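1. predicted model follows, preceded by the sequence.
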Amino acid sequence: MPSGGFSEWKLPQRTRAVAALLVAATLAGCGSTLSNLPPEMGGLPADTPARPATQQYAYPAVHDMPPPRESTIMTPEQVQQQEAEMARLRDQQTKQPQDSKRR
């Protein structure tokens, strides 16, 4: 048994050639797409519709900024009014189940 690394392994010349071809074929497969191949070799059929000229992405680009808001920030008085309204509605909802149990 060899005591060193891979350099001491004795592989036949044919095995090395097959391994090199396998690695080359694997790496070459990463760079090509099947859409560019003829249909006889596994590419897209001839009646496939053409790709759109511009590609629409699902998300905007990082540098795209949303348009400015049309609404203004609430004033402190408006905030107090809304908080009071929410508290009133909350109290009203907590009282409703008790009223329905009495009936």
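-> Perfect, I can see it now. Bear in mind the structure is a predicted one, so any value in this text is a computation, not a measurement.
2. point out where the protein drops to low pLDDT.
-> Residue ranges of the chain with pLDDT under 70: 1-9, 27, 29-35, 55, 57, 60, 97-103.
3. so where's the longest helix in it?
-> When the chain is parsed with DSSP state H, its longest helix is helix 76-102.
4. distance from the chain centre to that helix, please.
-> 42 Å (Cα atoms, centre = their mean, to the nearest Å).
5. ok, so what distance separates P45 from P39?
-> For P45, the distance to P39 equals 5 Å [Cβ to Cβ, to the nearest Å]. (Each C-beta comes from the backbone N, C-alpha and C, glycine too.)
6. between these two, which is the more surrounded one?
-> Between P45 and P39, counted using other Cβ atoms under 10 Å, P39 has the larger neighbour count: 11 against 6.
7. how near is that one to A25?
-> In this structure, P39 and A25 are 22 Å apart, going by Cβ to Cβ.
8. before we move on, what about T54?
-> Distance check for T54 against A25: by Cβ to Cβ, it reads 35 Å.
9. so between the two, which is more surrounded?
-> Between T54 and A25, A25 has the larger neighbour count (other Cβ under 10 Å), namely 9 against 5.
10. dump the host helix or strand of that one to PDB, restricted to CA.
-> Using DSSP states H and E, A25 sits in helix 13-31. C-alpha atoms of helix 13-31 as PDB (Å, rounded to 0.1, in the frame of the first residue of the first chain):
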ATOM      1  CA  GLN A  13      -2.900   5.100 -19.100                       C
ATOM      2  CA  ARG A  14      -6.400   4.300 -20.400                       C
ATOM      3  CA  THR A  15      -8.000   5.000 -17.000                       C
ATOM      4  CA  ARG A  16      -6.300   8.400 -16.800                       C
ATOM      5  CA  ALA A  17      -7.600   9.300 -20.300                       C
ATOM      6  CA  VAL A  18     -11.200   8.200 -19.500                       C
ATOM      7  CA  ALA A  19     -11.100  10.200 -16.200                       C
ATOM      8  CA  ALA A  20      -9.700  13.300 -18.000                       C
ATOM      9  CA  LEU A  21     -12.400  13.000 -20.700                       C
ATOM     10  CA  LEU A  22     -15.100  12.600 -18.000                       C
ATOM     11  CA  VAL A  23     -13.900  15.700 -16.200                       C
ATOM     12  CA  ALA A  24     -13.700  17.700 -19.400                       C
ATOM     13  CA  ALA A  25     -17.200  16.600 -20.500                       C
ATOM     14  CA  THR A  26     -18.700  17.500 -17.100                       C
ATOM     15  CA  LEU A  27     -17.100  21.000 -17.200                       C
ATOM     16  CA  ALA A  28     -18.100  21.500 -20.800                       C
ATOM     17  CA  GLY A  29     -21.800  20.700 -20.000                       C
ATOM     18  CA  CYS A  30     -21.900  23.500 -17.500                       C
ATOM     19  CA  GLY A  31     -21.200  26.100 -20.200                       C
END
